[in-house]
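Undergrad: Need a 3D model of the sequence below.
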Amino acid sequence: MATKYTNLDELRSEKRLLKQEIGELEDILTFKSKKESLSVMTNGLTDKFLKETVDEEGEKSLSLDTQNIMREISTGLKETASRKNVLNLANDGVKSGLLETTIKMGTVALVSNFAKKSVMNKNWKRKAVGLALVYLAPYALRFIRKKLDEYQKNKTASSLEKLI
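TA: Numbering: from 1, shown residues only. This next block holds a predicted model:
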């Protein structure tokens with residue numbers, strides 16, 4: 001190594017260049033913000049759903065962007081209920097019943113609309129109701145659906161017994 005450098009200044013300049021290169025590599029590998037790091041890890045998937053807020057003390061914190069999340073949900077529901085899909089529903093109507101599918105979509109639209117409005121409300125109780133709807137409504141709807149199916153089976157069986 002001593003033969004590679006002729007004087008101490010060359011060695012110091014090489015050391016300075018190496019430190020600069022290491023610093024550049026550290027800048028690439030370390031993330032300045034949590035949102036940026038999550039964005040890189042998820043290939044930009046989380047960008048829409050997270051927002052950075054600055055506290056009164058100047059510290060950055062990461063939080064969910066509920067408004068954008070609800071916008072994405074409502075957009076998905078609108079796409080599901082678009083005119084193009086109505087033809088698919090008509091074709092599917094033979095298998096599962098067009099009325100049944102329409103009722104399902106209408107119920108989902110009503111519940112999601114109410115949940116969206118509740119989550120966007122400033123009152124924390126309404127927000128809690130909206131979040132509860134988002135998480136509990138599918139279970140409640142499945143339970144109601146199961147009970148309705150049982151009721152329909154019982155009615156069909158009783159009407160068959162009357163015929164016999």
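Undergrad: quick one: low-confidence parts of this protein?
TA: Along the chain, the parts satisfying pLDDT under 70 run over 1-3, 5, 28-33, 37-38, 40-41, 77-101, 164.
Undergrad: What segments of it are strands?
TA: 50-54, 60-64 (DSSP state E).
Undergrad: Dump those strands to JSON lines, plus distance to residue 133 and mean neighbour count.
TA: For glycine as for every other residue, the C-beta is placed from the backbone atoms N, C-alpha and C. As requested, the strands of the chain are exported to JSON lines (distance: least, CB to CB, whole Å; neighbours: other CB atoms under 10 Å):
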{"stretch": "strand 50-54", "distance to residue 133": "23", "mean neighbour count": "13"}
{"stretch": "strand 60-64", "distance to residue 133": "17", "mean neighbour count": "11"}
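Undergrad: separation between the residue most central in space within the chain and residue 105?
TA: Centroid check for the chain by CA atoms, centre = their mean gives residue 69 as the closest residue, at 5.9 Å. Distance, residue 69 to residue 105, by CB to CB, to the nearest Å: 20 Å.
Undergrad: re the thing from before, tell me which residues touch the residue nearest to the centre of the chain, please.
TA: residue 49 (CB atoms under 8 Å, 6 or more residues apart in numbering).
Undergrad: again with residue 114
TA: 130, 133.
Undergrad: nearest to residue 17, of the strands of the chain?
TA: Each of the strands of the chain has some distance to residue 17 by CB to CB; the shortest is strand 60-64, at 33.0 Å.
Undergrad: gap between residue 121 and residue 67?
TA: Using CB to CB, residue 121 is found at 12 Å from residue 67.
Undergrad: Same question for residue 108.
TA: Counting by CB to CB, the gap from residue 108 to residue 67 is 20 Å.
Undergrad: how about the lengthiest helix in the chain: buried residues?
TA: In the chain, with assignment by DSSP state H, the single longest helix is helix 124-163. For helix 124-163, burial by neighbour count (16 or more other CB atoms under 10 Å) applies to 129, 130, 133, 134, 137.
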